[in-house]
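Colleague: Give me a 3D structure for the following:
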Amino acid sequence: MVRTYRDYAIVLRTHKLGEADRIITVLSRNYGQIRAVGKGVRRTKSKLGARLEPFSVIDFQAYRGRNLDTFTQVEPIAEYGRQIAADYELYTAATVMVEAAEKLTVEGASSPAHFNLLRGALHALAHRRLPRELVMNSYLLRGLALSGWAPSCWDCAICGAPGPGEAFSTTAGGVVCGNCRPPASVSLEPEEVALAAALLTGNWQEALKSQSPARSKIGGLVAAYAQWHLERRLKSLAVLERGI
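Modeller: Just a heads-up that it's a prediction; the model follows:
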């Protein structure tokens, strides 16, 4: 078996290993999630460490190990971390996205669509081209869709009646009509349904027409839907909510 391999990846998170190393979790384009050791990256003079910060896009080479792989070469493609970390709101939104990416992907499974989606979302945040809450919620909806959990954001999720629906039900699969509306569903205005649909499809022209109350309401529903299907709470969302 070939012991070395090369790919593009996005750094999701890091944690300490020993006195000078770190374990780096990345989302690669062709190999899915990878957990690999960055040797000596915590040393002051390490060039490798600066290239393995969260939110960075890298071109890397790694060596396959018995338990963990090891990075042997890393070249920066886009160092979004510096731009994002300079703004607390951008940083918290990006943290939610990379945490979700880690839960939506697995080791060893090629994930080019997830890789491209996350890279595009981080690029939009870093360059402040779109409101951060729209970028984050669109990423969550589209990431869930790639993993097979696409919500209905226009037609009724239960009977398929043409939208716009009247309410949103996390357990029913998204937007529902008045006839199918289950208990505990949340009423929606037509403009709120339009926003949800725009975020799912990446229709930024439509999404940018939305107002702050609608964005906040849909953001709450997206968070609930994501955590319901992931079957665990996104810890980063708690930090984001405290900062609102």
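Colleague: Tell me who's in contact with residue 204.
Modeller: By Cβ atoms under 8 Å, 6 or more residues apart in numbering, the contact set of residue 204 is 130, 134, 198. In this view, the C-beta of every residue, glycine as well, is placed from N, C-alpha and C.
Colleague: actually residue 224, not the one I typed
Modeller: Per Cβ under 8 Å, 6+ apart, neighbours of residue 224: residue 170.
Colleague: hey, where'd the helices end up in the protein?
Modeller: Along the chain, counting by DSSP state H, helices occupy 47-51, 80-85, 88-104, 112-126, 132-146, 190-201, 204-207, 212-230, 235-243.
Colleague: okay, these in JSON lines with distance to residue 23 and mean pLDDT next?
Modeller: Formatted as JSON lines, these follow (distance: least, Cβ to Cβ, whole Å; pLDDT from 0 to 100):
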{"stretch": "helix 47-51", "distance to residue 23": "13", "mean pLDDT": "73"}
{"stretch": "helix 80-85", "distance to residue 23": "17", "mean pLDDT": "92"}
{"stretch": "helix 88-104", "distance to residue 23": "13", "mean pLDDT": "94"}
{"stretch": "helix 112-126", "distance to residue 23": "20", "mean pLDDT": "97"}
{"stretch": "helix 132-146", "distance to residue 23": "23", "mean pLDDT": "97"}
{"stretch": "helix 190-201", "distance to residue 23": "33", "mean pLDDT": "97"}
{"stretch": "helix 204-207", "distance to residue 23": "36", "mean pLDDT": "96"}
{"stretch": "helix 212-230", "distance to residue 23": "22", "mean pLDDT": "94"}
{"stretch": "helix 235-243", "distance to residue 23": "18", "mean pLDDT": "64"}
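Colleague: In a markdown table, list those along with distance to residue 172.
Modeller: As requested, the helices of the chain are exported to a markdown table (distance: least, Cβ to Cβ, whole Å):
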| stretch | distance to residue 172 |
| --- | --- |
| helix 47-51 | 45 |
| helix 80-85 | 35 |
| helix 88-104 | 21 |
| helix 112-126 | 25 |
| helix 132-146 | 15 |
| helix 190-201 | 14 |
| helix 204-207 | 23 |
| helix 212-230 | 10 |
| helix 235-243 | 22 |
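Colleague: Tell me which of those helices lies nearest to residue 184.
Modeller: Of all the helices of the chain, it is helix 212-230 that lies closest to residue 184, at 10.8 Å by Cβ to Cβ.
Colleague: What residues sit buried inside that closest one?
Modeller: By neighbour count on 16 or more other Cβ atoms under 10 Å, the buried set for helix 212-230 is 214-215, 217-219, 221-223, 225-227, 229-230.
Colleague: and the direction of it versus that of helix 88-104, what angle?
Modeller: Angle, helix 212-230 to helix 88-104, by axes from the mean of the first three to the mean of the last three Cα atoms, to 10 degrees: 30 degrees.
Colleague: and helix 212-230 with helix 132-146, angle?
Modeller: 30 degrees.
Colleague: send the alpha carbons of helix 212-230 over as PDB?
Modeller: Presented in PDB, the C-alpha positions along helix 212-230 are these (Å, rounded to 0.1, in the frame of the first residue of the first chain):
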ATOM      1  CA  SER A 212     -33.400  41.100  10.300                       C
ATOM      2  CA  PRO A 213     -36.500  39.600  12.100                       C
ATOM      3  CA  ALA A 214     -37.000  37.000   9.400                       C
ATOM      4  CA  ARG A 215     -33.300  36.200   9.400                       C
ATOM      5  CA  SER A 216     -33.300  35.700  13.100                       C
ATOM      6  CA  LYS A 217     -36.400  33.500  13.100                       C
ATOM      7  CA  ILE A 218     -35.200  31.300  10.200                       C
ATOM      8  CA  GLY A 219     -31.800  31.100  11.900                       C
ATOM      9  CA  GLY A 220     -33.400  29.600  15.000                       C
ATOM     10  CA  LEU A 221     -35.300  27.100  12.900                       C
ATOM     11  CA  VAL A 222     -32.200  26.100  10.900                       C
ATOM     12  CA  ALA A 223     -30.300  25.500  14.200                       C
ATOM     13  CA  ALA A 224     -33.100  23.400  15.600                       C
ATOM     14  CA  TYR A 225     -33.400  21.400  12.400                       C
ATOM     15  CA  ALA A 226     -29.600  20.800  12.100                       C
ATOM     16  CA  GLN A 227     -29.300  19.600  15.700                       C
ATOM     17  CA  TRP A 228     -32.300  17.300  15.400                       C
ATOM     18  CA  HIS A 229     -30.900  15.500  12.400                       C
ATOM     19  CA  LEU A 230     -27.300  15.400  13.800                       C
END
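Colleague: Lovely, talk soon.
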